[in-house]
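Chemist: Pasting the sequence and the predicted coordinates here, then a few questions.
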There are 2 protein chains.
Amino acid sequence: MSFDLAAYLADLRREVDAALDRHLPPKDAPPAAIHEAMRYSVFAGGKRLRPILVIAGAEAVRGRVEEGGTLNRILPTACALELIHTYSLVHDDLPAMDDDDYRRGRLTNHKVFGEAIAILAGDALLTLAFGLLAEHASLEVVKEVARAAGTFGMIGGQVVDIQSEGKSVDAETLEYIHRHKTAALIRASLVSGAMLAGASPAIFKVIGEAGTHLGLAFQIVDDILDVEGSLEELGKTAGSDRRKKKVTYPEHFGLETSRIKAKSLIEDAKAALRPLGPRAEPIRALADFIFQRRS
Amino acid sequence: MSFDLAAYLADLRREVDAALDRHLPPKDAPPAAIHEAMRYSVFAGGKRLRPILVIAGAEAVRGRVEEGGTLNRILPTACALELIHTYSLVHDDLPAMDDDDYRRGRLTNHKVFGEAIAILAGDALLTLAFGLLAEHASLEVVKEVARAAGTFGMIGGQVVDIQSEGKSVDAETLEYIHRHKTAALIRASLVSGAMLAGASPAIFKVIGEAGTHLGLAFQIVDDILDVEGSLEELGKTAGSDRRKKKVTYPEHFGLETSRIKAKSLIEDAKAALRPLGPRAEPIRALADFIFQRRS
């Protein structure tokens, strides 16, 4: 069973980028400043992992989506998840939050457009995401995404992350932060795709489980890369977590244990996906990608 | 035809407040800081105009909603509109935006909880609003509200408002700001209720038109009160628009012309509602309330 992940990622990134361009208001639509700011951060070179997981989640239920019909039905939802991810980055980078000047090697939104527009651009990306879901997905998907992005999901994780800065926290709190700040939206991406593809409750459960494992693994690898990576690879200064006194896996468990933990979560995800057979091949390949990525 | 507006408002405020309390996570649900911050601003003594307009919009289609069944079906949507209004206030008050220390006579969210939590509380209120709509309303309502709250609605108006500070703008820009910053969400409140009540396209159109008139009138009266009102009545310092060099109707047209303009918008709203007969009596009474209110 050979699966060409590089080609898969390249194809889908192209599709996702084109769909994002279609669904975002044009740069010059008034008021232009906000649309320019939204586009600046959306087209800042993201990996498009979340939208690709939406598509892979659908494929795990229905088999490979062809270009055209099926893919076009899923793309708006894929875009919505990327918009929510982008809004969270724009707000996280604000001076009152992580106070970051660079993201993916470019100036952060508020450094270019000012804080007021950056706050509003984040708000607007979140609002547009729900508009897209309402137009192209289902009430079930809107509910799932709202839960994953809210205070019992991503925002909750962000709150505890901020509150934990500079403190020594236990493993439980660390897992809470990762599970909510990052894994909730990654899980929601996979299950949104599965929902749109009409997953049965049993398949939905399996994919949700795999999503949580992948999300936790993703954040641990992120923490590892922050220690190891160079500015060139990460687009931000390595060691920034440490400087900000963020609680991280490597800080808590050391690099080697963190790597083992991430690897074992990847294996857990694959084990969860076993009942789905070859249809889950894209998710399995994405799991390896999450572990092996260098940025 | 006598309609007891005071009793109507008091009854519905009680219902709305109780529903908000049910739909917001408890103050002590972890992470408690964010839930406390959300509740702080939601229960800061708002007039609940938008949720009451949702209910009045439904009544204009179906007749008076009784306590129980019908009202309970509409209340979550009414709450969602109030949460979106509240999120917009929390973000508007931030130092990078209007930099307000007081709102309705109490310290603003960021003065109590810090800027990071205030940003996240706003994000969380917006996210929860869409979750509520997905759970209790319809895709049509989610779409309508997302449009009204986005860059072609409320956020767009806010952007132009910020960009116009300290400048001399033409009447067209002033109307753009009012129509988007304030009227879009007030219109969305009325039409969301009408949609839930199953309005025909013709009735939907009439109610939407009335909503825009009411929304514009509301903002003009707001501007007038800012010039005339006392700290006690407004809960904020009178003349704050002028100090912030906001563009306002009184600034542009003078107080007397502004009053006439507001009154004529109220009459336009009532004229638009004529085809609906006595069922629109609550909206008509609310129109008078919008014109006569002192805070």
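Modeler: It's in. Numbering: from 1, shown residues only, chains lettered A, B, ... in the order given.
Chemist: From now on I want contacts and neighbour counts done on CA atoms only, so please keep to that.
Modeler: Will do.
Chemist: for the longest helix along chain A, packing partners?
Modeler: Counting residues, the longest helix in chain A under DSSP state H turns out to be helix A:201-228. If contacts are counted by 3 or more Cα pairs under 8 Å, 6 or more residues apart in numbering or on different chains; DSSP states H and E, helix A:201-228 sits against helix A:171-178, helix A:184-196, helix A:240-243, helix A:249-253, helix A:255-273, helix A:281-292.
Chemist: rerun at 10 Å
Modeler: helix A:49-62, helix A:171-178, helix A:184-196, helix A:231-234, helix A:240-243, helix A:249-253, helix A:255-273, helix A:281-292 (3 or more Cα pairs under 10 Å, 6 or more residues apart in numbering or on different chains; DSSP states H and E).
Chemist: wait, isn't residue A:181 in contact with residue A:187?
Modeler: No - with contact defined as Cα atoms under 10 Å, residue A:181 and residue A:187 do not form a contacting pair (11.3 Å).
Chemist: shared neighbours of these two, anything?
Modeler: Taking Cα atoms under 10 Å, 6 or more residues apart in numbering or on different chains as the criterion, residue A:181 and residue A:187 both touch A:148, A:215-216.
Chemist: okay if I get those residues as a markdown table plus neighbour count and pLDDT?
Modeler: Converted to a markdown table, the shared contacts of residue A:181 and residue A:187 look like this (neighbours: other Cα atoms under 10 Å in any protein chain shown; pLDDT from 0 to 100):
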| residue | neighbour count | pLDDT |
| --- | --- | --- |
| A:148 | 25 | 98 |
| A:215 | 29 | 98 |
| A:216 | 27 | 97 |
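Chemist: Out of these, flag the one nearest to residue B:144.
Modeler: Using Cα to Cα, residue A:148 comes nearest to residue B:144 of those, at 22.2 Å.
Chemist: Tell me which of the helices and strands packed on helix A:201-228 sits nearest to residue B:52.
Modeler: Nearest of the helices and strands packed on helix A:201-228 (Cα to Cα): helix A:184-196, 33.5 Å.
Chemist: Is chain B within reach of that closest one?
Modeler: No - if you take Cα under 10 Å from any Cα of the partner chain as the test, helix A:184-196 misses chain B, and the best it gets is 13.1 Å.
Chemist: Show the contacting residues for residue A:125.
Modeler: A:24, A:34-35, A:38-39, A:41-42, A:80, A:82-88, A:90, A:131, B:150-151.
Chemist: Ok, residue A:159 next?
Modeler: Per Cα under 10 Å, 6+ apart, neighbours of residue A:159: A:151, A:177, A:180-181, B:30-34, B:116-117, B:120-121.
Chemist: just curious, which of those is nearest to residue A:205?
Modeler: residue A:180 (18.0 Å).
Chemist: Can I get the helices and strands packed on helix A:201-228 in CSV including distance to residue B:101?
Modeler: Formatted as CSV, the helices and strands packed on helix A:201-228 follow (distance: least, Cα to Cα, whole Å):
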stretch, distance to residue B:101
helix A:49-62, 38
helix A:171-178, 31
helix A:184-196, 34
helix A:231-234, 39
helix A:240-243, 31
helix A:249-253, 38
helix A:255-273, 44
helix A:281-292, 45
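Chemist: tell me which helix or strand of chain A sits lowest on mean pLDDT?
Modeler: In chain A, the helix or strand scored least confidently by mean pLDDT, DSSP states H and E is helix A:231-234, which has a mean of 57.
Chemist: Go through the contacts of residue A:159 and give me the one with the most neighbours.
Modeler: Among these, residue B:121 has the most neighbours (other Cα atoms under 10 Å in any protein chain shown), with 32 neighbours.
Chemist: Pull the contacting residues for it.
Modeler: A:150-151, A:155, A:159, B:33-41, B:86-87, B:90-91, B:109-110, B:113, B:115, B:127 are the contacts of residue B:121 under Cα under 10 Å, 6+ apart.
Chemist: Of those, which belong to helices?
Modeler: A:155, A:159, B:33-41, B:86-87, B:90-91, B:109-110, B:113, B:115, B:127.
Chemist: Quick check on those: which are buried?
Modeler: Buried subset of these (neighbour count, 16 or more other Cα atoms under 10 Å in any protein chain shown): A:155, A:159, B:33-41, B:86-87, B:90-91, B:109-110, B:113, B:115, B:127.
Chemist: burial measure for residue A:245, as a count.
Modeler: Considering only other Cα under 10 Å, residue A:245 is surrounded by 16 other residues.
Chemist: for the closest residue to it other than its chain neighbours, what are its contacts?
Modeler: Nearest in space to residue A:245, with sequence neighbours left out and distances taken as Cα to Cα, 6 or more residues apart in numbering or on different chains, is residue A:166 at 4.7 Å. Residue A:166 is in contact with A:242-247, counting by Cα under 10 Å, 6+ apart.
Chemist: Redo those residues as CSV? Include pLDDT.
Modeler: Formatted as CSV, the contacts of residue A:166 follow (pLDDT from 0 to 100):
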residue, pLDDT
A:242, 80
A:243, 78
A:244, 81
A:245, 84
A:246, 85
A:247, 86
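Chemist: May I ask which of these has the most neighbours?
Modeler: The most neighbours, when those are compared by other Cα under 10 Å, belong to residue A:247, which has 25 neighbours.
Chemist: do you know how far that one is from residue A:256?
Modeler: 17 Å (Cα to Cα, to the nearest Å).
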